[in-house]
Structure formats: C-alpha cells, structure tokens
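**Student:** when you get a sec, could you give me coordinates for this:
(2 chains)
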Protein chains: 2
Amino acid sequence: MGALHEGHLALVKKSKENSDFIVVSIFVNPKQFGENEDLDRYPRDLDGDSSKLEALGVDIIFYPQESDIYPKNYQTTVSLSKVTKGLCGDKREGHFDGVSTIVLKLFNIVSPDIAFFGLKDYQQFALINQMVKDLNLAIEITGVDIVRESDGLAMSSRNLNLSKAGRDNAKYINLVSKFVVNSFHNNLELYKQKDFVINFVSEELTSKGFIVDYIELRDKDTLELVSEVTKNSMIFIAAFMDNVRLIDNFSFKKRYL
Amino acid sequence: MGALHEGHLALVKKSKENSDFIVVSIFVNPKQFGENEDLDRYPRDLDGDSSKLEALGVDIIFYPQESDIYPKNYQTTVSLSKVTKGLCGDKREGHFDGVSTIVLKLFNIVSPDIAFFGLKDYQQFALINQMVKDLNLAIEITGVDIVRESDGLAMSSRNLNLSKAGRDNAKYINLVSKFVVNSFHNNLELYKQKDFVINFVSEELTSKGFIVDYIELRDKDTLELVSEVTKNSMIFIAAFMDNVRLIDNFSFKKRYL
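**Tutor:** Numbering: from 1, shown residues only, chains lettered A, B, ... in the order given. Here you go, the predicted structure:
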C-alpha cells in the first residue's frame, strides 16, 4: 500500500535474492478498509517510494488507479471462511475479503513466480497461503520477518500518525511481549498459563496508555487458539495508541536477546 | 460435469476450430448442488464420455476426484453479487458461488487460452464473463449455441431422468417459446407486453404438466429485467417435469424457422 519503510524494503531485498525480475505493487486498496477506518488518513508518498525502489533495482512499480482495479459494475469477492476468523478478522468486518480479492487480482495481473509478504500481518500471510492452495495458484509464497525500529516497535506506515509521546510508549508492545516470552523460557510456571499471560500483557499495555483491541495466544501453524502456552504458540496483539491501531506478533519458539 | 451429449460435443467441435490443444474437464461439482438437489441422481458415464472425446481428438480429459479439488481444510469461495441475482440465482442458493469457484480453480489448473461454455446456461455464461473481467484473467470466453433434440428440447444430462411421457411433453418449452417470439415478429401487440408473454407461456407449460419455477424476460446483455419486449430481450425458463428441472432460453432477436 505504499509509504514504504524498512519493513517493505526488506521484502524487496529478500526478493532480490530469489528473483531476476521484480515488480512492486502500490495500491491503497479501499476494499480492505472498514467504514470507520483510516483510508483517508493512510499515508501516500509515490515520489519517495519510487526513489527507494529504484535505488534497490526494482524493475516495475505497478501503481494502478482505483478505476483500473474496480471498474464500473465490478462485483467479485474472494472469501476464506476459517483463517479469517479471530484476530483482526473479528475486528475488521470485510477486511480480509478485501485483502484476498485484491491479492488474487494483483497475482493475475502481475503473474509472479514468487510473492513476498511480511510476517507482521501474520493472519494475512496465513490467508494468502490458504488462498493459493485452495485456488490452485502456481505461486510460491515467502514470508519475511518483521523489521523493527531501534526501540523494538514493528515498522508500519501507521506509525507516522503517532504523537511524539504515543510513539515513545508504542515500544511497550515489544518490551512486554518479549518479557513474557523470556519469562516462559525461564521456566516460570505462571507464564505457561494462557490467561495469566493475556491479562499480564493487557494490564501492562493499558497502563502505558494503550486501548487493547485483542491479545490472543494461537498456534503458529493452524492459528487455532491454544489452551496453554508452548513453543509453538504465538502471541498476537492489536492495540490503539493515539487512535492509531498497531498490530504485532511474537513467537514463543525461543528466547529473545 | 460429464454424461456428455451433443450439446457438450458442440463445445469440443467449436474448440477444434480455435485451438491446437484441447483439455476437457469432467467433474460433478458438489458445491454447485443445493441440499435438496440432484447430486446423487446426476448421471455419470466416464467410459462413454472418454470414447466420445477421443473420437473428437481431445488431448486431455481432466477427471479429478473430489478430494483433489476440495482437500481437507478447503475454505475459499468466489462470489459475484449482481449477475447471480434473479433467474437460477434466486432459486438455487449457493449454486453460482459453487460455479464461479470451481471454474476459477479449473482455469488455474488447466491454464487455458480460450474456454468454451454453452449458452443454455446463459446466466452461468454471463457470470463467467464477469468473473474473468473482474479477476483480470487472461482467458477468452466463447459462448456456444444451444444444441437441441429433433423435437426442440435443449440437450441436457438431466433429460435422461425424464419418463417417456415427460420426455414427450418436454418439447413444449421450445414450441411455446418459439411461438411467442414469432408472434412478436408478426407484430402482434400482445406479444410485446411482458406480462402477457409470461402469463401465456406459464399457462401453456402448466397445461402440459410442467411446474414452472420461473419465466423471466431480461435484456440479453445486462440480464436486467425488461419492462416491454424488444429484439434485445430474451425469455428465460426453468420448469420441472417429472421432478426434473429443465432450463432453456430464447432470444427475441429474430424469427424462428
């Protein structure tokens, strides 16, 4: 969707290792924003984006207009029933239908052999994988690790909308999450208890000025809710700071440095 | 869906004129049958089908199993919102979602340059055209005219389920429809009136033992309901005979012989 930061550029760098021709799509897709969501506020910076992508040797920037993508009488939607339940799916009505539909269209237009998606939007990554499998698309999907600011905040175009104080407090998503993962690896029994972990993170974030949207513990592969924390668990967080919705996720697989 | 008759074979013959490599898919798609519909009764004849297709020089018969097409955890649906309203869309809940989804999957698996669809399933033809446009598929869709038995009944796998008497009466869909089209071309004012035409056809078919499902007059291009009959109109009919659902459609463009 543009307003490219180091997280996006990590996708491009990763694609350089695997591809000899690279297309980057930039399209702020109205169908994945809800009625009260931040479509108008979503940052746009085509000139800045172009410079960054050219510097990395991208071959084509595909920058369609809304009327190219959704012409008059447009009426098709691609929906997935299971992977879109829970997490952002329950909070953002129609969001994932908008994502799967636009991604299928971009796939059909660009016709890639390999496509790269950030793991910050982990549910989106799971969704795309399932769609590719279900619709028999001959495309390899590669996930790229979350890129973080120096204080640990996951990079996002939305971070630009934070106040100075909000931006400073935003780091606590990372700090609190890594603390609970490391406590789990320190064999502290409390941190194996799902409810304790969720309540602990919720209280910590609320005390830092967040309004929590959800905090969930799910299996990294199936995305099913877990009954107790294991190394296969992930913690998924969505929380508002300054009315800006931030999302992040952390694996319990290993201790963080 | 197999049980091939001359209507299907017309698609193959048409494709021979336009293609140098022909794939025919045969898959009785459970997702396009409703709960009370005739999935189990739908005729299947792979041996007979294979002979007919080989004789016509088809290169590949793609005959997948249900578990190939809908493996465990399958969860994706393609839906179109407008073209599926009215006609069979209102009568067969979920039918067209099943059709658009399987056709997209078959397109992705087979990867055709040109695909051929019969005009008997006219709403399906309109649906596929809209989906191809909406999802940016690089596939040319060609419609193939309805093939009829010598008495005018449109060929259909379901005709095999008719009783002898029902099969004989089934010809009246064709006879009555062509009569109203020809009466329109004879400049009989009554036959320009939508309500008169619908009531006339309905009463004629009912008197021959049909249970009418719908009779609608729509524009041939937009599929919108018409307020009066013109040369751009089509009459769409679905009616049960012996509990077998028969569909057909006729253009008002020109007089029938």
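**Student:** C-alpha from now on. contacts and neighbour counts both.
**Tutor:** Will do.
**Student:** quick one: A:Gln193 and A:Val226 touch, right?
**Tutor:** No: applying C-alpha atoms under 8 Å, one finds A:Gln193 not in contact with A:Val226, separated by 10.1 Å.
**Student:** buried residues in the helix or strand hosting A:Val12?
**Tutor:** Element membership of A:Val12 [criterion: DSSP states H and E] is helix A:6-18. Using 16 or more other C-alpha atoms under 10 Å in any protein chain shown as the burial criterion, the residues of helix A:6-18 that qualify are A:Glu6, A:Gly7, A:His8, A:Leu9, A:Ala10, A:Leu11, A:Val12, A:Ser15.
**Student:** how close does the third one get to chain B?
**Tutor:** Applying C-alpha to the nearest C-alpha, to the nearest Å, one obtains 25 Å for the distance of A:His8 from chain B.
**Student:** again with the second one
**Tutor:** Counting by C-alpha to the nearest C-alpha, the separation of A:Gly7 from chain B is 28 Å.
**Student:** chain neighbours aside, what residue packs nearest to A:Val226?
**Tutor:** If you skip the residues right next to it in sequence, A:Val226 has A:Arg218 as its closest partner in space, 5.1 Å away by C-alpha to C-alpha, 6 or more residues apart in numbering or on different chains.
**Student:** which residues does that neighbour bridge with?
**Tutor:** Applying DSSP bridges to A:Arg218 gives these bridge partners: A:Leu225, A:Met234.
**Student:** OK, contacts around it?
**Tutor:** Residues touching A:Arg218, when contacts are defined by C-alpha atoms under 8 Å, 6 or more residues apart in numbering or on different chains, comprise A:Glu224, A:Leu225, A:Val226, A:Ser233, A:Met234, A:Ile235, A:Phe236.
**Student:** tell me the one among those nearest to chain B.
**Tutor:** Within the set of the contacts of A:Arg218, A:Glu224 lies nearest chain B; the separation is 12.8 Å, counting by C-alpha to the nearest C-alpha.
**Student:** contacts for the helix or strand of chain A with the lowest mean pLDDT, please.
**Tutor:** Comparing helices and strands within chain A by mean pLDDT, DSSP states H and E singles out helix A:88-91 as the least confident, with a mean of 88. With C-alpha under 8 Å, 6+ apart as the test, helix A:88-91 has contacts from A:Thr84, A:His95, A:Phe96, A:Gln123, A:Asp213, A:Ala238.
**Student:** same thing with stretch A:132-152?
**Tutor:** A:6-7, A:10-11, A:14, A:112-120, A:125, A:128-129, A:154-155, A:171, A:174-175, B:70, B:74-76, B:104-105, B:108-109.
**Student:** again, but for stretch A:248-257
**Tutor:** A:120-122, A:154, A:173, A:177-178, A:181-182, A:184-185, A:220, A:230-238.
**Student:** A:Glu228 contacts A:Phe196, correct?
**Tutor:** No: taking C-alpha under 8 Å as the contact criterion, A:Glu228 and A:Phe196 are not neighbours in contact, 10.1 Å apart.
**Student:** list buried members of the contacts of stretch A:132-152 by neighbour count.
**Tutor:** For these, a burial check counting by 16+ other C-alpha under 10 Å picks out A:6-7, A:10-11, A:112, A:115-120, A:125, A:128-129, A:154-155, A:171, A:174, B:70, B:74-76, B:104-105, B:108.
**Student:** restricted to helices, list those.
**Tutor:** A:Glu6, A:Gly7, A:Ala10, A:Leu11, A:Phe125, A:Ile128, A:Asn129, A:Asn174, B:Leu104, B:Lys105, B:Asn108 (DSSP state H).
**Student:** export the residues you listed to JSON lines and tack on pLDDT and distance to B:Asp248?
**Tutor:** Below are these laid out as JSON lines (pLDDT from 0 to 100; distance: C-alpha to C-alpha, whole Å):
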{"residue": "A:Glu6", "pLDDT": "95", "distance to B:Asp248": "58"}
{"residue": "A:Gly7", "pLDDT": "95", "distance to B:Asp248": "56"}
{"residue": "A:Ala10", "pLDDT": "97", "distance to B:Asp248": "56"}
{"residue": "A:Leu11", "pLDDT": "97", "distance to B:Asp248": "52"}
{"residue": "A:Phe125", "pLDDT": "96", "distance to B:Asp248": "44"}
{"residue": "A:Ile128", "pLDDT": "97", "distance to B:Asp248": "39"}
{"residue": "A:Asn129", "pLDDT": "96", "distance to B:Asp248": "40"}
{"residue": "A:Asn174", "pLDDT": "98", "distance to B:Asp248": "63"}
{"residue": "B:Leu104", "pLDDT": "98", "distance to B:Asp248": "24"}
{"residue": "B:Lys105", "pLDDT": "98", "distance to B:Asp248": "27"}
{"residue": "B:Asn108", "pLDDT": "98", "distance to B:Asp248": "29"}
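**Student:** redo these as JSON lines? Include distance to B:Lys164.
**Tutor:** Converted to JSON lines, these look like this (distance: C-alpha to C-alpha, whole Å):
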{"residue": "A:Glu6", "distance to B:Lys164": "73"}
{"residue": "A:Gly7", "distance to B:Lys164": "70"}
{"residue": "A:Ala10", "distance to B:Lys164": "70"}
{"residue": "A:Leu11", "distance to B:Lys164": "66"}
{"residue": "A:Phe125", "distance to B:Lys164": "56"}
{"residue": "A:Ile128", "distance to B:Lys164": "52"}
{"residue": "A:Asn129", "distance to B:Lys164": "52"}
{"residue": "A:Asn174", "distance to B:Lys164": "75"}
{"residue": "B:Leu104", "distance to B:Lys164": "38"}
{"residue": "B:Lys105", "distance to B:Lys164": "38"}
{"residue": "B:Asn108", "distance to B:Lys164": "41"}
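**Student:** out of those, which is nearest to B:Pro43?
**Tutor:** B:Lys105 (22.6 Å; C-alpha to C-alpha).
**Student:** residues in contact with the closest one?
**Tutor:** A:Asp134, A:Leu135, A:Asn136 are the contacts of B:Lys105 under C-alpha under 8 Å, 6+ apart.
**Student:** of the residues you listed - the most surrounded one?
**Tutor:** A:Leu135 (24 neighbours; other C-alpha atoms under 10 Å in any protein chain shown).
**Student:** helix or strand: which one has A:Lys82?
**Tutor:** A:Lys82 is part of no helix or strand, with elements assigned from DSSP H and E.
**Student:** what's the local residue count around it?
**Tutor:** Residues lying near A:Lys82 (other C-alpha under 10 Å) number 16.
**Student:** and for A:Pro43?
**Tutor:** Other residues near A:Pro43 number 18, with proximity taken as other C-alpha under 10 Å.
**Student:** same question for the one 4 residues further on.
**Tutor:** Neighbour count of A:Asp47, defined by other C-alpha under 10 Å: 9.
**Student:** for A:Ser79, same thing?
**Tutor:** Using other C-alpha under 10 Å: A:Ser79 sits among 21 other residues.
**Student:** give me phi/psi at it?
**Tutor:** phi -120, psi 140 (degrees, to the nearest 10).
**Student:** that one reaches B:Val78, doesn't it?
**Tutor:** Yes: counting by C-alpha under 8 Å, B:Val78 is a contact partner of A:Ser79 at 6.5 Å.
**Student:** what residues does chain A have near chain B?
**Tutor:** Within chain A, the positions adjacent to chain B are A:70, A:74-82, A:104-105, A:108-109, A:131, A:134-137 by C-alpha under 8 Å from any C-alpha of the partner chain.
**Student:** quick one, grab the pLDDT at whatever residue of the stretch 151-257 of chain A ends up closest to chain B.
**Tutor:** When distances are taken as C-alpha to the nearest C-alpha, the stretch 151-257 of chain A approaches chain B most closely through A:Thr222, which lies 10.3 Å from it. At A:Thr222 the predicted local confidence, pLDDT, stands at 83.
**Student:** noted, bye for now.
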